[in-house]
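Student: predicted coordinates and the sequence they were generated for:
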Amino acid sequence: MQSVPDYIPRRYSEFVWSKHDPQLLLLFGGVLALLVVASAVGGILKRTAKTESARRVIDNLNARTRAWWKMSAIFRAHAISG
């Protein structure tokens, strides 16, 4: 178990460090990184789109990315709550 600062209650620190599998935390970090990159790319593409069809495609991409943000938030909340 990692060292925890004294100002964090022991019960909380045991919950955070021991309950979650390191692979699960790695998965959450990877999904978070992918969603940040996808959101940034979608924002850049939205600003550079020239045609109406390109704007529709990029709006679809951004809507799907927002849906993945929501799905991952629900999954994280469920995984944390047990």
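Tutor: On my side now, so go ahead.
Student: only C-alpha atoms for contact and neighbour calcs from this point on.
Tutor: Will do.
Student: what about residue 61, neighbour count?
Tutor: Residues contacting residue 61 under the criterion other CA atoms under 10 Å number 18.
Student: that one: which element?
Tutor: Using DSSP states H and E, residue 61 sits in helix 52-81.
Student: state the mean pLDDT of that helix.
Tutor: Mean pLDDT, computed over helix 52-81, is 94.
Student: buried set for it?
Tutor: With burial defined by 16 or more other CA atoms under 10 Å, the residues of helix 52-81 counted as buried are 55, 58-59, 61-62, 65, 69, 72.
Student: how close does residue 64 sit to residue 79?
Tutor: 22 Å (CA to CA, to the nearest Å).
Student: residue 53 and residue 74, how far apart?
Tutor: With CA to CA as the criterion, residue 53 and residue 74 are 32 Å apart.
Student: whatever helix or strand residue 41 lives in - contacts with which helices or strands?
Tutor: Secondary structure assigned from DSSP H and E places residue 41 in helix 22-48. Contact here means 3 or more CA pairs under 8 Å, 6 or more residues apart in numbering; DSSP states H and E; on that basis helix 22-48 packs against helix 52-81.
Student: against residue 53, how distant is residue 81?
Tutor: Residue 81 sits 42 Å away from residue 53, going by CA to CA.
Student: quick one: furthest residue from the center of the chain?
Tutor: Among the C-alpha atoms of the chain, the one most distant from their mean position (CA atoms, centre = their mean) is that of residue 51, at 30.5 Å.
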